[in-house]
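J.: sequence unavailable; structure follows:
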């Protein structure tokens, strides 16, 4: 026996050992598409494995770590092997891609050689499981075919450990044929007709019910917010200070103007006893004094309103406190709210794509993130007529739910998921509502 034959036999035995020692399917795939080059020369190799739909998909490619199923080369190889003329090949077959491309009018990628050798991989217990495709520009010789045929038997035995012989077609023939198939079909129809309550889930937040809103009494600038978020508030507590420098200056100016007007009125009264001309000015000066008093009272009231005090007991709900400092506000603009921690409700943002037909007083279950195992029960109070953007910028319907009695009251600000129960529908509609909606929007029916 020549030295070259000894080397080839040694390589063949070593390759068989690597295939049988593979510990995972990926490792075996790597050996098949890359290590086969030790026995036979080729440019590229592709490993196609049988799928559940009885098609053969590329699972590994030589010299590549991953397979891009969208690439034209992979798509072309799969079309060639899954073509009806190449279906269920039992023996090694040499395919001339130039002839095949002309016959089927399929564009051949430039980066694939002219000849491919299709090697069936048979599992002893499970039959044909896939194909090893070897490609190069020269035709394969008969002696090379014999070596690859021997290797294919070894690979089939190795793949027997990892491959699952599952086919949708075989499953349907086995379980949905004859009387048994009709019984299963009727049972499925009856199950699909079972009435169930349709549900939808949406983000939820615990909010205050009927909160007291603290607003600005005039156009100004926020100087400081004196309370923090969740602080306990009593009647008369100082909440907000508005900038009062201009207000204080206006008050002092109005006060001085009033004093000047009063002294002028007093001087004129004293002179009016001897001077009729001064007496004629009394009415005008008295009106000016009254006007100055009104201006002083207005300035004083604005100065007093620069400090906003609480008119209700509860807890303070403030946004970002630091962002308010120096922020200009208009009259009536909301600054913070005071809420009763024992009087809460749930604000639900139901996305338009998940909307269902719901009625007033419908059942609602609240699963808060802080305790998702113990849901809270509620009832739907009201829902917005038109959708609007939620805080997450999702077009949604605004739904408010109450909290049923005799339950632990959650803290304001907690978030979670709400499950809203709608009207009763069939199980089929419950399961396929979203796919039906998607198809209808897609095809316009």
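T.: Structure received. Not measured: the values here are computed from a predicted model.

J.: for the chain, give me the ranges with low pLDDT.
T.: For the chain, the stretches flagged by pLDDT under 70 are 1-5, 52, 86-88, 103-105, 124-125, 163-176, 272-280, 444-445.

J.: surely residue 56 meets residue 81?
T.: Yes - with contact defined as C-beta atoms under 8 Å, residue 56 counts as touching residue 81 (5.2 Å). In this view, the C-beta of every residue, glycine as well, is placed from N, C-alpha and C.

J.: quickly list what's touching both of these two.
T.: 48, 131 (C-beta atoms under 8 Å, 6 or more residues apart in numbering).

J.: how far away is residue 205 from residue 191?
T.: Residue 205 sits at a distance of 37 Å from residue 191 (criterion: C-beta to C-beta, to the nearest Å).

J.: which one's more surrounded, the two?
T.: Taking other C-beta atoms under 10 Å, residue 205 and residue 191 do not tie; residue 205 has more neighbours (16 against 11).

J.: so which bits of the strand or helix carrying that one are buried?
T.: Residue 205 belongs to strand 195-208 when assigned by DSSP states H and E. The neighbour-count check on strand 195-208 (16 or more other C-beta atoms under 10 Å) flags 198, 199, 200, 202, 203, 204, 205, 206, 207, 208 as buried.

J.: tell me the one of these nearest residue 76?
T.: residue 200 (44.5 Å; C-beta to C-beta).

J.: tell me what that closest one is bridged to.
T.: residue 420 (DSSP bridges).

J.: looks like it contacts residue 423 (just checking).
T.: No - here residue 200 does not reach residue 423: they are 11.8 Å apart, not a contact under C-beta under 8 Å.

J.: overlap in contacts of these two?
T.: Common neighbours of residue 200 and residue 423 (C-beta under 8 Å, 6+ apart) are residue 356.

J.: now do the phi/psi pair for residue 40.
T.: phi -140, psi 140 (degrees, to the nearest 10).

J.: what about residue 331, which helix or strand?
T.: Using DSSP H and E, no helix or strand contains residue 331.

J.: wait, what's in contact with it?
T.: With contact taken as C-beta under 8 Å, 6+ apart, residue 331 is in contact with 215, 216, 217, 218, 219.

J.: please name the nearest non-neighbouring residue to the fourth one.
T.: This points to residue 218. Spatial nearest neighbour of residue 218, excluding adjacent residues (C-beta to C-beta, 6 or more residues apart in numbering): residue 331 at 5.3 Å.

J.: for that neighbour, give its distance to residue 302.
T.: Counting by C-beta to C-beta, the gap from residue 331 to residue 302 is 11 Å.

J.: go on, residue 379?
T.: Distance from residue 379 to residue 302, by C-beta to C-beta: 46 Å.

J.: who's more crowded, the two?
T.: residue 302 (19 against 13).

J.: name the SS class of the nearest residue to that one once chain neighbours are set aside, please.
T.: Leaving aside its sequence neighbours, residue 302 sits nearest to residue 247 (C-beta to C-beta, 6+ apart; 5.2 Å). Using DSSP: H, G, I helix; E, B strand; the rest coil, the three-state assignment for residue 247 comes out as helix.

J.: so where does the closest residue to residue 29 other than its chain neighbours fall, helix or strand?
T.: Excluding the flanking residues, the one nearest residue 29 by C-beta to C-beta, 6+ apart is residue 60, at 3.8 Å. Per DSSP H and E, residue 60 falls inside strand 56-61.

J.: for the helix or strand following that strand, packing partners?
T.: Using DSSP H and E, the helix or strand that follows strand 56-61 in sequence is helix 72-82. In terms of contacts (3 or more C-beta pairs under 8 Å, 6 or more residues apart in numbering; DSSP states H and E), helix 72-82 is packed against strand 44-50, strand 56-61, strand 115-123, strand 127-136.

J.: to residue 285, which of these lies closest?
T.: strand 56-61 (102.5 Å).

J.: partner strands of that closest one and their direction?
T.: strand 44-50 (antiparallel).

J.: what does the partner strand rub up against?
T.: By C-beta under 8 Å, 6+ apart, the list of residues contacting strand 44-50 reads 29, 32-34, 36-37, 56-63, 74, 77-78, 81, 112-113, 128-135, 163, 167.

J.: and these, which of them are buried?
T.: 29, 32-33, 36, 56-62, 74, 77-78, 81, 112, 128-135, 163.

J.: show me the contacts for residue 437.
T.: Residue 437 touches residue 353, counting by C-beta under 8 Å, 6+ apart.

J.: what's the helix or strand for it?
T.: helix 427-443.

J.: list the buried residues in that helix.
T.: For helix 427-443, by 16+ other C-beta under 10 Å, it's 428, 430.

J.: go on, stretch 90-105?
T.: Buried, per 16+ other C-beta under 10 Å, within stretch 90-105: 92, 95, 97, 100, 101.

J.: and for stretch 335-353?
T.: Using 16+ other C-beta under 10 Å as the test for burial, stretch 335-353 gives 335-340, 344-351.

J.: ok, those vs residue 178, which is closest?
T.: residue 351 (45.6 Å).

J.: what's near enough to touch residue 313?
T.: Residue 313 touches 233, 234, 235, 338, 340, counting by C-beta under 8 Å, 6+ apart.

J.: what of residue 420?
T.: So, once contact is read as C-beta under 8 Å, 6+ apart, residue 420 ends up touching 199, 200, 201, 202, 348, 350, 356, 358, 362, 364, 380, 399.

J.: in TSV: those residues, plus distance to residue 149.
T.: Output for the contacts of residue 420, formatted as TSV (distance: C-beta to C-beta, whole Å):
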residue	distance to residue 149
199	59
200	59
201	57
202	61
348	66
350	63
356	61
358	67
362	69
364	68
380	71
399	68
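
J.: out of those, which is nearest to residue 120?
T.: Nearest member of those to residue 120, counting by C-beta to C-beta, is residue 201, at 49.5 Å.

J.: isn't that closest one up against residue 416?
T.: No - counting by C-beta under 8 Å, residue 201 does not reach residue 416; the two are 10.3 Å apart.

J.: before we move on, back to that, tell me which of the helices and strands packed on helix 72-82 sits nearest to residue 395.
T.: Nearest to residue 395, of the helices and strands packed on helix 72-82 and by C-beta to C-beta, is strand 56-61 at 38.8 Å.
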